[in-house]
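S.K.: sequence plus predicted model, see below.
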Amino acid sequence: MGFRLPRIVNAKQSLKRTLSSSDTTVVTKGHFAVYVGEAEKKRFVVPISFLKHPSFQNLLSQAEEEYGFNHPLGALMIPCSEEAFTDLTCGLQSS
C-alpha cells in the first residue's frame, strides 16, 4: 500500500483555492471567517460544516483558551500555523 504524493499536493492546492484567504472576500451563507497564523494572521473563509468535526472543535477550544471569542479583528482567531490549519482542513474537506 502506498501513498500518491501528487494527489495529496493537488488536494492541498485545490483546498487553498477553496479556502479563501483574501481580506476582501465576502463571507457567503454557510461559511465563516477565521484568522490563522502565529506571527502574521491570514484570513480564511471556511464552511460551517467544519464545526461538527472533533478536530476542528479542538481548535475552537484552543482558540477560546488563548484569545477568547471577543476579538478586535471581528473574526475567530485560530492558534496554529497556516500549514497545520491547511492540513487539518484538507482532511476535513475530503471526509
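M.R.: Cool, the structure landed. In this text, all values refer to a predicted model and were calculated from it rather than measured experimentally. Numbers count the residues shown, from 1 in each chain.

S.K.: all contacts plus neighbour counts: C-alpha atoms, from now on.
M.R.: OK.

S.K.: mind checking the pLDDT average for stretch 81-94?
M.R.: The pLDDT scores in stretch 81-94 average 89.

S.K.: mind listing what's buried in it?
M.R.: Neighbour-count burial for stretch 81-94 flags 81, 82, 85, 86, 89, 90 (criterion: 16 or more other Cα atoms under 10 Å).

S.K.: wait, the third one touches residue 36, no?
M.R.: Going back to what we said before, that points to residue 85. Yes: using Cα atoms under 8 Å, residue 85 is in contact with residue 36, at 7.3 Å.

S.K.: what is the nearest of the buried residues of stretch 81-94 to residue 54?
M.R.: Using Cα to Cα, residue 89 comes nearest to residue 54 of those, at 11.9 Å.

S.K.: now do the SS call for residue 39.
M.R.: Following DSSP: H, G, I helix; E, B strand; the rest coil, residue 39 is assigned to coil.

S.K.: same question for residue 34.
M.R.: Going by three-state DSSP: residue 34 is strand.

S.K.: any idea how far it is from residue 60?
M.R.: Distance from residue 34 to residue 60, counting by Cα to Cα, to the nearest Å: 10 Å.

S.K.: before we move on, back to that, out of the buried residues of stretch 81-94, the closest to residue 55 would be?
M.R.: Proximity of the buried residues of stretch 81-94 to residue 55 was ranked by Cα to Cα; the top entry is residue 89 with 9.4 Å.
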